[in-house]
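Undergrad: here's a sequence, model it:
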Amino acid sequence: MKRFRREFRVPYHFFEDLCAQARAGNWFPNVGKPDALGVQGPPLEMLILCCLNVLGRGTVYQQLEGVSQISEITIRAFFIEFCKAG
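TA: As a prediction, the model looks like this:
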């Protein structure tokens with residue numbers, strides 16, 4: 001748990017609560033659903049972790065793309081929506 005806090009700058013239970021609130025409130029209705037070609041989108045939890053990394057460490061989208069295997073464009077678009085939802 002300490003490592004999680006060090007990596008993402010928030011306690012793990014905060015992350016769990018944030019994900020639960022986002023799902024219950026349907027903040028991001030298109031996340032995790034297949035696109036027009038039927039390709040499954042990245043899970044909400046991974047996208048939120050990317051956002052926490054950007055906010056807590058100043059990580060750039062390109063670095064997150066290499067680690068998460070989520071495209072830079074997807075991370076950037078989700079980050080904007082994440083900030084609007086907050």
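Undergrad: state the pLDDT value of the residue nearest to residue 5 when sequence neighbours are not counted.
TA: Taking Cβ to Cβ, 6 or more residues apart in numbering as the measure, residue 5 lies nearest to residue 11, with 5.5 Å between them; neighbours along the chain are not counted. C-beta here means a position set from N, CA and C on the backbone, and glycine is covered the same way. Note on residue 11: pLDDT of 96.
Undergrad: cool, residue 35 as well?
TA: The confidence metric pLDDT takes the value 85 at residue 35.
Undergrad: just the buried positions in the lowest-mean-pLDDT helix or strand in the chain, please.
TA: For the chain, using mean pLDDT, DSSP states H and E, the weakest element among its helices and strands is helix 2-8, scoring a mean of 92. In terms of neighbour count (16 or more other Cβ atoms under 10 Å), helix 2-8 has its buried residues at 4, 8.
Undergrad: same question for stretch 39-46.
TA: By neighbour count, and taking 16+ other Cβ under 10 Å as the criterion, the buried residues in stretch 39-46 are 41, 42, 44, 45, 46.
Undergrad: just the element for the residue nearest to the third one when sequence neighbours are not counted, please.
TA: Nearest in space to residue 44, with sequence neighbours left out and distances taken as Cβ to Cβ, 6+ apart, is residue 31 at 4.9 Å. Secondary structure from DSSP states H and E places residue 31 outside every helix and strand.
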